[in-house]
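Engineer: using only what follows, build the 3D model:
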Amino acid sequence: MTYLGTRRLFAVLIAVQLAACSSSAPDAVVSGATAASPALDGSAQTPLERRRVNQTAARTQVQEAPAYAPAAAPAMVAVAPPPALHAPGPVPERGRLFKPSTPPSVSAVPGPSTERYAQITDNPVKLVAEAPVSTFSIDVDTGSYSNVRRMLNAGTLPPGDAVRVEELINYFPYDYAQPSDGRPFAVHTQMAPAPWNAERVLLRIGIKGQDVAKQSLPPANLVFLVDVSGSMNSQDKLPLLKSSLKLLVDEMRPQDRISLVTYASGTQVVLQPTSGADKARIKAAIDALHAGGSTAGASGIQLAYSAAQQSLIEGGINRILLATDGDFNVGVADVRQLKSMVEQKRKSGISLSTIGFGTGNYNEAMMEQVADVGDGAYSYIDSLMEGHKVLVNEMTSTLATIAKDVKVQIEFNPAVVKEYRLIGYENRQLRREDFNNDQVDAGDIGAGHTVTALYELTLSGAKGSIDPLRYAQAKKADNPHANANANAKAKAKAKAKANELAHLRLRYKLPGQPSSTLIDTPIARQAIAPLASTDTEFRFATAVAIFGQLLRGGRHTGTWSYADARALAFENQGSDRYGYRAEFVRLIDLAQAQSR
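Structural biologist: Okay, the predicted model is just below:
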């Protein structure tokens with residue numbers, strides 16, 4: 001070829017390349033993806049040309065797209081846990097731009113209407129003359145507190161139905177004396193004027209479970225039931241779940257057995273029963289979990305019970321730990337149907353606890369209610385610190401049940417108490433006849449657990465909340481023609497009880513026992529003391545109760561404010577071994593700032 005011919009051929013090649021580059025204009029990007037552009041001669045693009053088109057499209061996306069683009073403006077934003085605590089995020093496909101839906105340091109949280117909470121109606125004030133007996137099941141759930149904390153840290157006040165005051169109170173361990181009479185738990189009462197109303201009296205009922213050393217626990221058969229559906233594909237969900245579960249694995253003993261069941265579009269046993277000594281194998285199975293697919297939660301629960309049954313340990317701890325955001329969207333998704341299924345399964349001696357994760361589509365109503373009927377506890381993990389609290393610090397009480405079906409019944413003396421109101425426990429109410437019915441399910445107490453309940457009382461002679469009935473029947477006078485001795489005995493009996501404010505009864509079953517045991521004790525009116533004379537635990541629990549009621553609208557707290565609750569909590573933090581109470585004081589500050 002001549003020199004002139006070579007130059008002409010070279011010029012043609014340059015023109016072809018320039019034409020190929022010019023074909024990768026911004027209009028070649030369709031719906032965020034690159035469209036195939038024909039070559040000059042109508043044939044398909046070469047790999048070099050396609051790569052240039054992709055690069056140009058990527059540059060166009062970077063210039064025109066925001067750093068993150070959530071579908072709708074979030075009503076609240078939660079700070080995600082530090083990246084080091086979680087597995088790395090998804091890796092972008094080769095040749096495509098990875099554009100996260102939220103910034104690396106935060107996760108978008110839609111408004112509370114997209115999260116599901118069971119409706120709560122505050123317990124009413126009741127007249128003792130009309131309803132002298134109050135009966136309820138104890139509650140050791142704590143999920144409401146950490147879920148509320150997540151929202152406050154995100155800069156949003158929680159919806160009222162997300163606040164269960166008893167779970168806020170019972171989030172904290174209290175320094176109550178342990179039992180000394182051989183019973184599985186001790187009962188303590190204390191009374192003082194309510195700080196928000198001098199005409200009211202607060203009655204605290206405190207229960208302290210017997211502590212059991214971890215090494216003395218019976219062997220455990222644990223089944224981790226893990227949601228790996230697409231809704232769990234978020235840093236505050238599956239990655240945090242995996243990190244939290246591995247904390248529990250570190251606490252397992254060689255005699256403990258662990259299985260791992262997953263569910264998404266389908267269900268699978270990904271780890272057969274494995275000794276707690278083989279921690280590397282268990283953690284490898286956890287690390288291999290990835291999110292994707294729809295959520296067949298009911299099928300996962302059925303498979304988990306089947307797996308637990310196959311490796312059942314007679315006389316041991318047999319428990320399923322369901323870890324999910326509760327967004328069941330395939331198969332049985334109705335809470336009532338799920339509860340019915342779990343209620344039947346618990347008869348096998350296998351309990352079920354729920355651990356909630358995530359935001360936005362979180363179904364708290366399902367998580368809390370399923371744990372209740374599963375003879376387990378409901379927790380919510382919003383950080384690895386909370387994972388450590390639930391699965392390490394409180395592992396013994398989470399796993400080891402020392403008393404089952406614990407019911408509280410209190411009968412108020414109408415000669416001393418005019419009105420009463422139970423603070424919280426709205427969804428734990430029982431009928432009066434349920435107390436003596438051993439077939440009625442109630443809450444369980446784990447080793448070392450503390451349970452606290454508060455009543456607000458109006459004593460006789462004080463101004464009440466309810467006006468007396470106009471047509472109430474007057475009390476009949478003693479029959480003068482009746483036996484004089486009978487009248488004298490009745491008056492003496494009434495006089496002896498005149499100093500009793502109330503009579504407290506508790507029923508419980510020992511694990512594996514079908515019949516309940518009764519504990520009862522009178523509560524003397526003389527036990528009412530000034531608030532300053534009560535212990536630190538009483539005053540701190542009172543501050544938490546005020547805070548919870550304020551979050552729910554403050555219908556019964558008079559003129560008391562967040563600042564008043566903060567002052568009471570700040571002065572009564574006690575030893576605060578883990579810093580939970582100090583953190584609570586800071587949460588009050590956040591609630592006060594966001595309520596202005």
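
Engineer: from here on, just use CA atoms for contacts and neighbour counts.
Structural biologist: OK.

Engineer: residue 389 - how many residues pack around it?
Structural biologist: Counted with other Cα atoms under 10 Å, residues neighbouring residue 389 total 16.

Engineer: and if you look at residue 180?
Structural biologist: Using other Cα under 10 Å: residue 180 sits among 10 other residues.

Engineer: from residue 446, how far off is it?
Structural biologist: Note on residue 180: its distance to residue 446, by Cα to Cα, to the nearest Å, is 17 Å.

Engineer: now swap in residue 285 and tell me
Structural biologist: From residue 285 over to residue 446 (counting by Cα to Cα), the distance is 29 Å.

Engineer: which of those two has more neighbours?
Structural biologist: residue 446 (27 against 15).

Engineer: any low-confidence regions in the stretch 301-450 of the chain?
Structural biologist: 328-334 (pLDDT under 70).

Engineer: can you map out the strands along it?
Structural biologist: Here the stretch 301-450 of the chain has its strands, by DSSP state E, counting those that start in this stretch, at 317-324, 351-356, 378-380, 401-412, 417-423, 443-446, 450-459.

Engineer: contact partners for residue 132?
Structural biologist: Counting by Cα atoms under 8 Å, 6 or more residues apart in numbering, residue 132 touches 411, 412, 413, 414.

Engineer: could you count how many residues lie near the last one?
Structural biologist: If I follow you right, that is residue 414. 19.

Engineer: for the nearest residue to residue 530 once chain neighbours are set aside, what is the enclosing helix or strand?
Structural biologist: Using Cα to Cα, 6 or more residues apart in numbering and skipping the chain neighbours, the partner closest in space to residue 530 is residue 192 (5.4 Å). In the assignment (DSSP states H and E), residue 192 maps to strand 185-194.

Engineer: now do residue 506
Structural biologist: strand 500-509.

Engineer: could you check the angle strand 401-412 makes with that strand?
Structural biologist: 150 degrees (axes from the mean of the first three to the mean of the last three Cα atoms, to 10 degrees).

Engineer: helices or strands up against strand 500-509?
Structural biologist: In terms of contacts (3 or more Cα pairs under 8 Å, 6 or more residues apart in numbering; DSSP states H and E), strand 500-509 is packed against strand 401-412, strand 517-524.

Engineer: just checking: what are the partner strands of it?
Structural biologist: strand 401-412 (antiparallel), strand 517-524 (antiparallel) (DSSP bridges).

Engineer: nearest to residue 548, of the ones you listed?
Structural biologist: strand 401-412 (21.9 Å; Cα to Cα).

Engineer: okay, helices next: where are they in the stretch 151-300 of the chain?
Structural biologist: Under the criterion DSSP state H, counting those that start in this stretch, the stretch 151-300 of the chain carries helices at the ranges 165-169, 238-251, 279-287, 297-310.

Engineer: one more: the stretch 451-596 of the chain?
Structural biologist: So, for the stretch 451-596 of the chain - with DSSP H, counting those that start in this stretch - the helices run 484-497, 536-551, 562-570, 580-594.

Engineer: what's the most buried one of these?
Structural biologist: Comparing the helices of the stretch 451-596 of the chain by mean neighbour count (mean count of other Cα atoms under 10 Å), helix 536-551 comes out on top with a mean of 23.

Engineer: residues contacting it, please?
Structural biologist: Residues beyond helix 536-551 that count as contacts (Cα under 8 Å, 6+ apart) turn out to be 157-158, 160, 163-166, 168-169, 174-175, 190, 204, 423, 531, 554-557, 561-562, 565-566, 568-569, 572-574, 588.

Engineer: show me which of those are buried.
Structural biologist: 157-158, 160, 163-166, 168-169, 174, 190, 204, 423, 531, 556-557, 562, 565-566, 568-569, 572-574, 588 (16 or more other Cα atoms under 10 Å).

Engineer: tabulate the helices of the stretch 451-596 of the chain (JSON lines), appending distance to residue 367 and mean pLDDT.
Structural biologist: Shown next, in JSON lines, are the helices of the stretch 451-596 of the chain (distance: least, Cα to Cα, whole Å; pLDDT from 0 to 100):
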{"stretch": "helix 484-497", "distance to residue 367": "44", "mean pLDDT": "62"}
{"stretch": "helix 536-551", "distance to residue 367": "20", "mean pLDDT": "98"}
{"stretch": "helix 562-570", "distance to residue 367": "29", "mean pLDDT": "98"}
{"stretch": "helix 580-594", "distance to residue 367": "23", "mean pLDDT": "97"}
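
Engineer: shaky segments in the stretch 151-300 of the chain?
Structural biologist: 295-297.

Engineer: again, only this time at 90
Structural biologist: Residues of the stretch 151-300 of the chain meeting the criterion pLDDT under 90: 212-217, 230-231, 264-267, 292-300.

Engineer: mind listing the strands for it?
Structural biologist: Under DSSP E, counting those that start in this stretch, the stretch 151-300 of the chain gives strands at 185-194, 197-209, 220-227, 257-263, 267-275.

Engineer: CA atoms of the third one as CSV?
Structural biologist: This file holds the C-alpha atoms of strand 220-227, laid out as CSV (Å, rounded to 0.1, in the frame of the first residue of the first chain):
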residue,chain,number,x,y,z
ALA,A,220,-30.6,-25.2,75.6
ASN,A,221,-32.1,-26.1,72.3
LEU,A,222,-32.3,-22.9,70.4
VAL,A,223,-33.6,-22.3,66.9
PHE,A,224,-32.8,-19.0,65.2
LEU,A,225,-35.6,-18.2,62.8
VAL,A,226,-34.3,-15.5,60.6
ASP,A,227,-36.2,-13.4,58.1
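
Engineer: okay, angle between that strand and strand 257-263 too, please.
Structural biologist: Going by the same axes, to 10 degrees, strand 220-227 makes 20 degrees with strand 257-263.

Engineer: pLDDT of the strand holding residue 506, averaged?
Structural biologist: Averaging pLDDT along strand 500-509 yields 97.

Engineer: dump it to CSV, restricted to CA.
Structural biologist: Extracted in CSV, the C-alpha atoms of strand 500-509 (Å, rounded to 0.1, in the frame of the first residue of the first chain):
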residue,chain,number,x,y,z
GLU,A,500,-56.0,-2.6,105.1
LEU,A,501,-55.8,-0.6,101.9
ALA,A,502,-55.9,-3.6,99.7
HIS,A,503,-55.2,-7.3,99.5
LEU,A,504,-52.7,-8.5,96.9
ARG,A,505,-52.7,-12.0,95.4
LEU,A,506,-50.4,-13.6,92.8
ARG,A,507,-50.6,-16.9,91.1
TYR,A,508,-47.9,-18.8,89.2
LYS,A,509,-46.9,-22.2,88.0
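
Engineer: residues in contact with that strand: which ones?
Structural biologist: With Cα under 8 Å, 6+ apart as the criterion, strand 500-509 contacts 403-413, 416-417, 435-436, 515-525.

Engineer: is it true that residue 228 touches residue 290?
Structural biologist: Yes: between residue 228 and residue 290 there is a contact under Cα atoms under 8 Å: 6.2 Å.

Engineer: any common contacting residues for the two?
Structural biologist: residue 238.

Engineer: the two - which one has more neighbours?
Structural biologist: Between residue 228 and residue 290, counted using other Cα under 10 Å, residue 228 has the larger neighbour count: 26 against 15.

Engineer: residue 271 reaches residue 285, doesn't it?
Structural biologist: Yes: applying Cα under 8 Å, one finds residue 271 in contact with residue 285, separated by 6.7 Å.

Engineer: quickly list what's touching both of the two.
Structural biologist: What both residue 271 and residue 285 touch, as defined by Cα under 8 Å, 6+ apart, is the set residue 260.

Engineer: so what's the residue count around residue 579?
Structural biologist: 10.

Engineer: check the gap between it and residue 210 for me.
Structural biologist: Distance from residue 579 to residue 210, by Cα to Cα: 23 Å.

Engineer: repeat for residue 443
Structural biologist: 16 Å.

Engineer: picking up where we left off before, so which of the helices of the stretch 451-596 of the chain comes closest to residue 130?
Structural biologist: So among the helices of the stretch 451-596 of the chain, helix 484-497 is nearest, using Cα to Cα, at 19.0 Å.
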